[in-house]
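**Student:** Next one to model:
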Amino acid sequence: MKRLSLILATAIFMMWLLLPVPLRHEKGLFNKISGVIWCTSETSCLHEIGHALDWRAGWISHSAEFGGAVQVYVMAEFESRHPSDLAAQIVLMPGALVWSGYARDAQAEIYASIFEISEGQEEKMPEIFHKFYDWQRAQVMIEKMRR
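**Tutor:** Numbers count the residues shown, from 1 in each chain. Next up, the predicted model:
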């Protein structure tokens, strides 16, 4: 009986590690260990695809170059008379301007949100961010999601 309990507990733990398990009222999740995406809508799927692209690129969202591009973009937008909705959304994200705890990865959320807000389309994304995304892989993932 102990052995069966141990096997069952191990199996549950492995599933928890490898599958995206929604803990709150999430609309989507990306598992950083297995690379599996779970989502409830096209919008949440695009956000999670953004996380997957970031993960596959070695967390490019954590690079100084990406952070600098975000800063330049936001500053330029707010210097104009009418900043874009994207710039406003970036500034309002938890952790973008104010530290929001260890459990939050603001850079990764910004990266995934830029992809989501651009609807996964290069032509809808500000040019300053194009080079940070693998557009061929993105299109394959989007097509797979839509099937």
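**Student:** contact partners of the one helix or strand C45 maps to?
**Tutor:** Per DSSP states H and E: C45 is located in helix 42-56. Helix 42-56 has contacts (C-beta atoms under 8 Å, 6 or more residues apart in numbering) with 27-30, 32, 35, 37-39, 60-61, 108, 111-116, 119-120, 133-134, 137-138, 141-142, 145-146. (Glycine included, C-beta is placed from N, CA and C.)
**Student:** Let me see the ranges of the strands in the chain.
**Tutor:** Along the chain, counting by DSSP state E, strands occupy 28-30, 37-39.
**Student:** Retrieve the pLDDT associated with M14.
**Tutor:** Reported pLDDT at M14 in the predicted model: 57.
**Student:** The one 3 residues further on too?
**Tutor:** Predicted confidence (pLDDT) for L17: 54.
**Student:** How many residues are close by V36?
**Tutor:** 14 (other C-beta atoms under 10 Å).
**Student:** Quick check: the gap between it and W55.
**Tutor:** With distances taken as C-beta to C-beta, to the nearest Å, V36 is found 11 Å from W55.
**Student:** Find residues that contact each of the two.
**Tutor:** Here V36 and W55 have F30 as joint contacts, going by C-beta under 8 Å, 6+ apart.
**Student:** quick one: least confident helix or strand in this protein?
**Tutor:** helix 2-18 (a mean of 62; mean pLDDT, DSSP states H and E).
**Student:** Need the pLDDT of P83.
**Tutor:** 94.
**Student:** likewise the one 3 residues further on?
**Tutor:** Among the per-residue scores, L86 holds a pLDDT of 95.
**Student:** Now for it: which residues touch it?
**Tutor:** For L86, the contacting residues are 77, 114, 117-118, 126, by C-beta under 8 Å, 6+ apart.
**Student:** need these in a markdown table with pLDDT, can you?
**Tutor:** Compiled in a markdown table, the contacts of L86 are given as follows (pLDDT from 0 to 100):
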| residue | pLDDT |
| --- | --- |
| E77 | 96 |
| I114 | 97 |
| I117 | 96 |
| S118 | 96 |
| P126 | 97 |
